[in-house]
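1. build the 3D model from these lines:
(chains A, B and C, ligands or ions: 1)
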Amino acid sequence: MSERNSVEETADSASATTDGRTDSRSDLLRVRDLSTRFFTEEGQVNAVESVSFDVRDGEILGIVGESGSGKSVTALSLIDLVESPGRVTSGQVWYRNPDLAEEFPDAADGEFVDLRELPTRVRRTLRGPSFSMIFQDPMSSFNPSITVGEQIAEAVEVQRRANANPRSTRSRTQGYGLGRFILDGVVPNRDYTDPESSRRAVELLEQVGIPDPEQRADEYPHQFSGGMLQRAMIAQALAGEPDVLIADEPTTALDVTIQAQILNLLRDLQDERNMSIVMITHDLGVIARMCDRVCVMYAGEVVERGTLADVFDRPVHPYTEGLLGSIPDLDDPAPRLQPIEGNVPSLLDSEMGDRCYFADRCPKAMSECLTHPPEFDAAGSEEHRARCVLADHDYDPSEALPEDFFGGGSPAETGVTSTDQQAEDGATSEVSQDD
Amino acid sequence: MSFGRFLLKRVLQGVLVVWGVITAVFLLRFITPGNPVDFVAPLDASQELRQQIAAELGLDQPLYIQYFEYLFGLLQGDMGYSYLSGQEASVIVFNRLPATVELAVAATIVAVVLSIPLGVISATRRHQPADYGATTFSLLGISTPNFWLGIMLLLVLSVQFDVFPVGRRGIPFVDAFTLLLQGNVSGMQLWLSHIALPAITLGTYFTALITRLTRSGMLDELGKSYVRAARAKGIPETLVRYRHALRNTLIPVITVVGLQLGTLIGGAVITEQVFNWPGLGLEVIGAVNARDWPILQGSLIVIGIGFVLVNIVVDALYAYLDPRVVD
Amino acid sequence: MVSPRTVRNLKREWRDNWLAKVGVVLVVAMVLVAVFAPFIAPYNPRSQSLDDNRLPPMGFSKTENQTSSEFVDGEAQVVSEEVTINATWDHPLGTNQLGQDMLSRVIYGARTSLLVGFFGTLFAMLIGVPIGLVAGYSRGRVDDALMRFADVMLAFPSLVLAVALVGLWGRATFRIPDPFVALGLAPGMPGSVVIPGTVIAVVALVTWVWFARVARGEALSVREEEYVKAARSLGASDRFVVWKHVLPNSLTPILVLGTIQIAAIILLESALSFLGFSGTTLSWGFDIAQGRDDLATAWWVATIPGLAIVLTVIGINLVGDWLRDALDPGLGGEGGSGA
Ligand code: SF4
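-> The predicted structure follows:
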């Protein structure tokens, strides 16, 4: 716990750098230039645009942004869960796994394999033992007509069968098909899961702090409270003992007191199991409290990334500054700064243009911002980067764009289109927390 | 609420509906123009003879007495006597019932066995040839009058190519089954060859309807968060489809099928007419034309009770699939 | 109500869904055929010409044994010879047993089907919607009574009930003069349109429950809306609230159900006429019943009117699907009570 405490202090005092510590860990995932697009009736939506970041062993990486910024789609892209009309269109997801690297030398680079180069079948078997995900709304993330215990046991069972017979889809499914379904319907109590798996499910429920786990395992999702169900979803995600747990807004739908409990639980579990967590949230408070490193996303891009201290203490990108300004102070509930005006732009390819996507909301926009900026190195730790010209040189008021440069029909006015919301499929509240 | 109590409640409701059905059927005679005696008595019957007939039929009593007599008769299985043949109405009705039940059950089996796989394939291979085939079939199926379909089947398969016999029930299922137990399959063959066309005729609309419902329900369910969550925890696609999505798809499908059961029975009436199938439907039509009230009332009540019974089964199935109903 | 968003959805579904276009074309074509039947039909559908009986439709021919007596060597002998009868453009869809022109009968049959379909649905709506709205809005006793009554109604298959009611109440019809014929524009055509009154009344009586159920459901949910609560708390009368808020909000699902019901009622009407429970002989179902007895010698008499039914009902169902997809009234699989 000592290391965790130090991170908390870092976050709270927001002063010390954490460079030394993070560097000592090795990368587990390296995401490079990942792009995901949705091909909708309105046109092509660039939900995720050339995103790069690393996830290290045993760390918590935060991805923060407003709704519609592409953070949830990024997470879904990692584990190949983007649904039609969306598709991961380019980029690589390198995953450190020597066994797979040996088995698929074509997709490998050293100990790493590019998940996108693996056969779909193999990539899918990684869900569970390598990656798992928890979602914002636990109530809709459980099948309403199957008991909670059974759903967790099912996740255990799949892994059990996979271990008994690695890489055979058949053994995992065990011929489960329409015929079996009908048989199960006619003959009750014939379940897919083994009693062994059900016992394990109860254990998992106990580990995530659900009282009376044995009894609650036989209950249906609608008999659980939101907080308890979120715990159960975490238990379910742990069933395969994943290397990386992706948590997509895990506390947004919960009461404040429950939120804190769930975050503590996640941190304890991460510590015990030394897994990595990718924490996706619009809540900078959650980031400050939980994360080692942070990616800030805007309009499908990572606009700033670095250690917690880099981003919180030396933010470069005006968007990050704006976000930080809108965190309510504990002592002074009124926000210190005005939240950022305007909306997340439409991510329609045809409307995006070649400029800094934030320029229409940026208080420091200059004429050079009308060309799309590259990622610059920024002051602070080695890995602090920002996609903003201010990382390169200071603000020059004489170059500033006139106030009404983006007036009238600018993308800021178009706001979030329905497609973006569908693409984001997650957070619904705006980042500014005072509303 | 436990499953037992849920069922008990449904049965009590069903009894209430059956009582409503009986009352409605009884009152039907009093909102129908014409005196039943006109249909029974000879044209030149004297006033005395007419009164005698009315008294024999119990028609001279006040309404409420007739009603209670009818109700108590029914409780003892007595539906009165046919105006035409003088036979016990209950005997006629229950003689006809098995043919209709056979037909309806065979059609339901055809429909369920074909439609659910078809709907699932259609949903999981969206915008592929199999999906287009299934959606075209289901559009045609819900748009085709079944009596015409039956005639077309007869035209092609019986009149032109003589694959199936033209109409009429070959042999009751019970007899065919008895023969089968004695090791004789010819009875079963006969039964099957006779019921095939009527069952297809009656089952097509339902096959099409359930295919449609399964397809759209499946597409709905597959888009839900719990399916994504199940995939995220590593559940293989076949399990996601059948164990998760299909199960939840069937819940609303079952409700609609329950609501549409009336259509099945109505369809049976007309299918019987097309194939000369000696079931309740033919009996109803004959009884309407002859104003044979005891037979008509008895048939309608039996149909109503059948509908209520099947709906209780449907609801029980629903509660079995969806735990939220019982709680 | 028809909001701009609704119109946009309708347009989008229209653009992306070519089936919707097929449906609208079919329905419009059928309506035009029904309305202008006297101009389109080549013959009076009732006029018989026994010499021309059982002529096959275009593209087909039939063989028939013709017998004639001949005198051979002073003795009368019966000679039987095979004659091939070809279709003629005079009767593109052939003729029936009475030598009536099938094309003209199919065209006039559209009138009966569409009249019964439209007015049957309209009356069912006029009965069902107010009852459903009042029950759903007032809840409590009224609602319970309606739902129990609906349960009893649903326990009778609509076709069985319709057969019983039409059979018992008589097949009354009334006639209105055909305006085109009355104006002398279409000489030789039937002078009046036969409207099967009992059938229309009965199909409305056996299907209104579906409208009541949907209207009730809508009323129950609209009642809970904030603005309705607000209006009530401000002292708006129940009648005002139902008329001003509940009804407009229920229109979409009722409209979609209405479309589907037209198809269901057309099927129901054809089944009734097939069974002989109709007031008019100018009906597709009636013709199918005629053709059924003659399958071996004149298959087209039963086949052609059936195709007309299928095309019409497909057209209406496609329009219904289009409206449902675009308006999303959340009906599920409700409605429909076809034969
Ligand atoms: S690049 Fe320019 S417009 Fe964009 S955030 Fe930086 S300063 Fe603002």
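2. my guess is residue C:178 contacts residue C:41. True?
-> No - taking contacts as CB atoms under 8 Å, residue C:178 lies outside contact range of residue C:41: 11.5 Å. In short, each C-beta sits where N, CA and C put it, glycine included.
3. who's more crowded, the two?
-> Between residue C:178 and residue C:41, counted using other CB atoms under 10 Å in any protein chain shown, the more crowded position is residue C:41 (21 against 18).
4. do stretch A:259-274 and chain B meet?
-> No - on the criterion CB under 8 Å from any CB of the partner chain, stretch A:259-274 is out of touch with chain B, staying 15.5 Å away.
5. how about the contacts made by the residue of the stretch 201-350 of chain A found nearest chain B?
-> Using CB to the nearest CB, the closest approach of the stretch 201-350 of chain A to chain B is made by residue A:220 at 4.8 Å. Counting by CB atoms under 8 Å, 6 or more residues apart in numbering or on different chains, residue A:220 makes contact with A:144, A:145, A:146, A:147, A:148, B:323, B:324, B:327.
6. quick check, nearest of these to the ligand?
-> residue A:144 (44.5 Å; CB to the nearest ligand atom).
7. which residue, other than its chain neighbours, is closest to that closest one?
-> Closest residue to residue A:144 apart from its sequence neighbours, by CB to CB, 6 or more residues apart in numbering or on different chains: residue A:221 at 5.7 Å.
8. any idea which helix or strand comes after the host helix or strand of residue A:91?
-> For residue A:91, the element it lies in under DSSP states H and E is strand A:86-96. The element immediately downstream of strand A:86-96 (helix or strand, assigned by DSSP H and E) is helix A:98-103.
9. what packs against the very next helix or strand once past that next one?
-> Following helix A:98-103 in sequence order, the next helix or strand is strand A:108-109 (DSSP H and E). Applying 3 or more CB pairs under 8 Å, 6 or more residues apart in numbering or on different chains; DSSP states H and E, one finds that strand A:108-109 contacts helix A:98-103.
10. what parts of the stretch 101-250 of chain C come near chain B?
-> C:148-149, C:151-152, C:154-160, C:163-164, C:167-170.
11. now with 10 Å?
-> C:148-149, C:151-170, C:206, C:210, C:213 (CB under 10 Å from any CB of the partner chain).
12. buried ones only from these, please, as a ChimeraX command.
-> Only the buried entries of these go into this ChimeraX selection, using 16 or more other CB atoms under 10 Å in any protein chain shown:
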select /C:149,151,152,153,154,155,156,157,158,159,160,161,162,163,164,165,166,167,168,206,210,213
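13. beta partners of whichever residue of the stretch 151-300 of chain A sits closest to the ligand?
-> Residue nearest to the ligand within the stretch 151-300 of chain A: residue A:298 (8.7 Å; CB to the nearest ligand atom). Taking DSSP bridges, one obtains residue A:301 as the residues bridged to residue A:298.
14. low pLDDT regions in the chain?
-> Looking at chain A here, since you left the chain open. A:1-25, A:164-191, A:326-344, A:407-435 (pLDDT under 70).
15. my bad, the chain I had in mind was chain C
-> Scanning chain C with the threshold set as pLDDT under 70 gives C:1-4, C:72, C:87, C:328-339.
16. which residue ranges of it form strands?
-> Under the criterion DSSP state E, strands of chain C are mapped to C:61-72, C:75-86, C:174-177, C:192-195.
17. now the terminal residues of stretch C:217-232, how far apart.
-> This stretch, stretch C:217-232, spans 19 Å end to end (CA to CA, to the nearest Å).
18. check stretch C:65-84 too.
-> End-to-end span of stretch C:65-84 (CA to CA): 9 Å.
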